[in-house]
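S.K.: Quick one: sequence plus predicted model below, questions after.
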Amino acid sequence: MFFYDALMQILRSSLPPFAHFFLRLTSLLVWAVVAYSAVVFALQWGGGVPVDAVVAGSEQKQVSPDVDSLSASKALGAAPVQSASASLASRFVLVGVMDGGPSQGVALISVDGKPAKPYRLGQTVSDGLVVVGTGPKKAELGPQMGVTSSLVLELPIKK
């Protein structure tokens with residue numbers, strides 16, 4: 001502290017009277033930068049607010065109510081999709097899906113409890129079943145491309 005006071009005394013005596021204002025202003029700005037740096041460091045060290053939370057908070061989120069799609073489709077008069085026998089459906093588990101449009105899609109399917117493999121549209125999965133379509137959280141299997149699907153696999157609900 002003694003060194004600081006001595007330095008300030010020397011500067012005050014050697015500077016013209018109007019320069020004292022600029023000296024105080026410069027000192028204030030230096031301390032403001034130091035305080036800002038300390039706050040930024042403390043926020044980064046403490047975790048702060050994730051950037052995703054800031055971006056997500058600025059957008060409006062559309063919340064859709066939980067709707068039973070089967071009941072809704074029956075109420076609107078939709079015909080149920082033909083499903084294969086329970087034993088056939090239990091052989092396949094949809095692990096993941098990438099819907100790339102009407103001609104580009106990949107389904108990650110596990111057959112008979114084996115590790116899941118990726119299957120493109122038109123590729124044979126098992127027993128003459130090919131991937132005929134993909135959609136959000138679902139994959140459709142059928143006997144051949146261009147034919148109505150005979151088995152619809154949906155992603156399991158995460159708990």
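M.R.: Structure's in. What do you need?
S.K.: lowest-pLDDT helix or strand in the protein?
M.R.: When the helices and strands of the chain are scored by mean pLDDT, DSSP states H and E, helix 51-58 comes last with a mean of 47.
S.K.: For this protein, which segments are assigned as helices?
M.R.: Taking DSSP state H to define them, one finds helices in the chain at 2-14, 19-45, 51-58, 69-75, 86-91.
S.K.: Confidence-wise, which of those is weakest overall?
M.R.: Out of the helices of the chain, helix 51-58 stands lowest, with a mean of 47 (criterion: mean pLDDT).
S.K.: Which pLDDT value belongs to residue 135?
M.R.: pLDDT, residue 135: 84.
S.K.: try residue 141
M.R.: For residue 141, pLDDT reads 85.
S.K.: Distance-wise, check it relative to residue 35.
M.R.: Going from residue 141 to residue 35 by Cβ to Cβ, to the nearest Å gives 64 Å. Where C-beta positions appear, they are placed from N, C-alpha and C, glycine not excepted.
S.K.: Which one of these two is surrounded by more residues?
M.R.: Each of residue 141 and residue 35 has its neighbours counted (other Cβ atoms under 10 Å); residue 141 has more, 27 against 10.
S.K.: For that one, which residues are in contact?
M.R.: 92, 125, 129-132, 149-153 (Cβ atoms under 8 Å, 6 or more residues apart in numbering).
S.K.: could those residues go into TSV alongside pLDDT and distance to residue 74?
M.R.: TSV is the format used below for these (pLDDT from 0 to 100; distance: Cβ to Cβ, whole Å):
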residue	pLDDT	distance to residue 74
92	84	24
125	84	29
129	85	26
130	87	28
131	87	27
132	87	23
149	68	19
150	75	20
151	82	20
152	85	16
153	84	21
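S.K.: Just give the nearest non-adjacent residue to residue 108, would you?
M.R.: residue 96 (3.8 Å; Cβ to Cβ, 6 or more residues apart in numbering).
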